[in-house]
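J.: this is a predicted model, with the sequence first.
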Amino acid sequence: MTNTLSIAASNLTSVTVLAFVLGFVAARLKSDIRIPDQVFQFISIYLLLGIGIKGGVAISANGFSEMALPIFTTILLGILIPVLAFFIAPIFIKSDATTRGSLAAHYGSTSLVTFSAALVFLESNAIFYEGYATALMAILEIPGLVVGIFLGSYFTHKKVSWGISLKEIVLGKTVLLLIGGLLIGYASGSVGYSKVTPFFIDILPGILALFLLNLGYQAGAYIKILRRTGFGLVFFAILFPLLAGVLGAIGGSLIGLSKGGIFVLAILSASASYIAAPAAVSVSFPELKSSVPITASLGITFPFNLIFGIPLLYSLATFL
């Protein structure tokens, strides 16, 4: 227990977390330290492709047989979590069905940077996790978006262009780079991967810190919207991810994942999208002007997971 608390505490003083805090504070002090958009886009592509390639290498080494049950469990979570978000949200906030559907899509999908920070946390503490975790992230990304959009359209009787929406979901940057990276890693194997390891592994924590500096600034800017949305949104954006994280941890435990694997599935379940989901939702609900989903996912859930969710869910994974 002492070791678990020590590892969890180290996360709070890591460079990545402190970089996020610096960006957040800078935004509140109205000091512009944002990274240029072109650099921000480059870093997101770097993270997506690098994580995908690493996962593909792990799959090529271990094979597909041990992935069947984790994939099935991940799909179930990808359906259950947005459904719960859609019907639980009204307890905390007043919103129409379209906003709730958008909120469900954001929380049914995943956060690349939360996932990246979780992997850095595990690797910096030499904690084993299943190498196919990246594949689970790519799989969890899709059903959450589809279910959230479906619920929003069904309860408003709105016709959605599913061809365009699914194209945005499947061919969007997040899913395409993750799946493409998985295929590249699987084809190249460990021999090919060793040639790019210095780029995709050795400098990852530093680049992630820059990314989090920028996200901290964005989160700090979104916080002011809480004056309009009220504190019900804060309670939802903290309590619901914890519920989803517990479900992910229980699912990982039931199928026999390692401690690190349970933690990864838990943090994936607890995370909320602020990249893929806004793009997909804007295609399906172009009339939606609500800032509630992005405020909740980026302004509240993301910093909570980064600072508190990672150590809390790791402690839960250790307990299970």
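T.: Received the coordinates, thanks.

J.: let me know the pLDDT of the residue nearest in space to the middle of the chain.
T.: Residue closest to the average C-alpha location in the chain (Cα atoms, centre = their mean): Ser111, at 1.7 Å. For Ser111, the model assigns a pLDDT of 83.

J.: who's in contact with it?
T.: Applying Cβ atoms under 8 Å, 6 or more residues apart in numbering to Ser111 gives the contacts Ser271, Ala272, Ser273, Tyr274, Ser297, Phe302, Asn305. For every residue, glycine as well, the C-beta is placed using N, CA and C.

J.: among those, which are in helices?
T.: Under the assignment DSSP state H, these contribute Phe302 to helices.

J.: give me the lowest-pLDDT entry from the contacts of Ser111.
T.: The lowest pLDDT within those belongs to Tyr274, which sits at 76.

J.: distance of that residue from Thr295?
T.: In this view, Tyr274 and Thr295 are 10 Å apart by Cβ to Cβ, to the nearest Å.

J.: next one: phi and psi at Asp32?
T.: phi -80, psi 100 (degrees, to the nearest 10).

J.: which residue, other than its chain neighbours, is closest to Ile71?
T.: Take Ile71 and drop its neighbours on the chain: the residue closest to it by Cβ to Cβ, 6 or more residues apart in numbering is Ile139, 5.9 Å away.

J.: which residues does the one you found contact?
T.: Applying Cβ under 8 Å, 6+ apart, we find Ile139 in contact with Ile71, Thr74, Ile75, Gly78.

J.: emit the ChimeraX select command for whichever of the residues you listed are buried.
T.: One line in ChimeraX is enough to select the buried ones among the contacts of Ile139; burial here means 16 or more other Cβ atoms under 10 Å:
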select :74,78
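
J.: buried sites along whichever helix or strand Ala19 is part of?
T.: Under the criterion of DSSP states H and E, Ala19 resides in helix 15-28. For helix 15-28, burial by neighbour count (16+ other Cβ under 10 Å) applies to Thr16, Val17, Ala19, Phe20, Val21, Leu22, Gly23, Phe24, Ala26, Ala27.

J.: circling back to that earlier point, roughly how far does the residue nearest to Ile71 sit from Val39?
T.: Distance, Ile139 to Val39, using Cβ to Cβ: 29 Å.

J.: where's Phe24 relative to Phe304, distance?
T.: 12 Å.

J.: re earlier: nearest to Phe200 among the buried residues of helix 15-28?
T.: Phe200 lies nearest to Thr16 out of those, by Cβ to Cβ, at 16.5 Å.

J.: who are the contact partners of the closest one?
T.: So Thr16 contacts Ala117, Val120, Pro205, Leu208, Ala209, Leu212, Leu306 (Cβ under 8 Å, 6+ apart).

J.: which two among those are spaced furthest apart?
T.: Pro205 and Leu306 (13.9 Å).

J.: what about those two, which has more around it?
T.: Leu306 (27 against 16; other Cβ atoms under 10 Å).

J.: the nearest residue to Pro278 once chain neighbours are set aside: which element?
T.: Once flanking residues are discounted, Pro278 sits nearest to Ile294: 5.9 Å by Cβ to Cβ, 6+ apart. Remark: Ile294 resides in helix 292-294, with elements defined by DSSP H and E.
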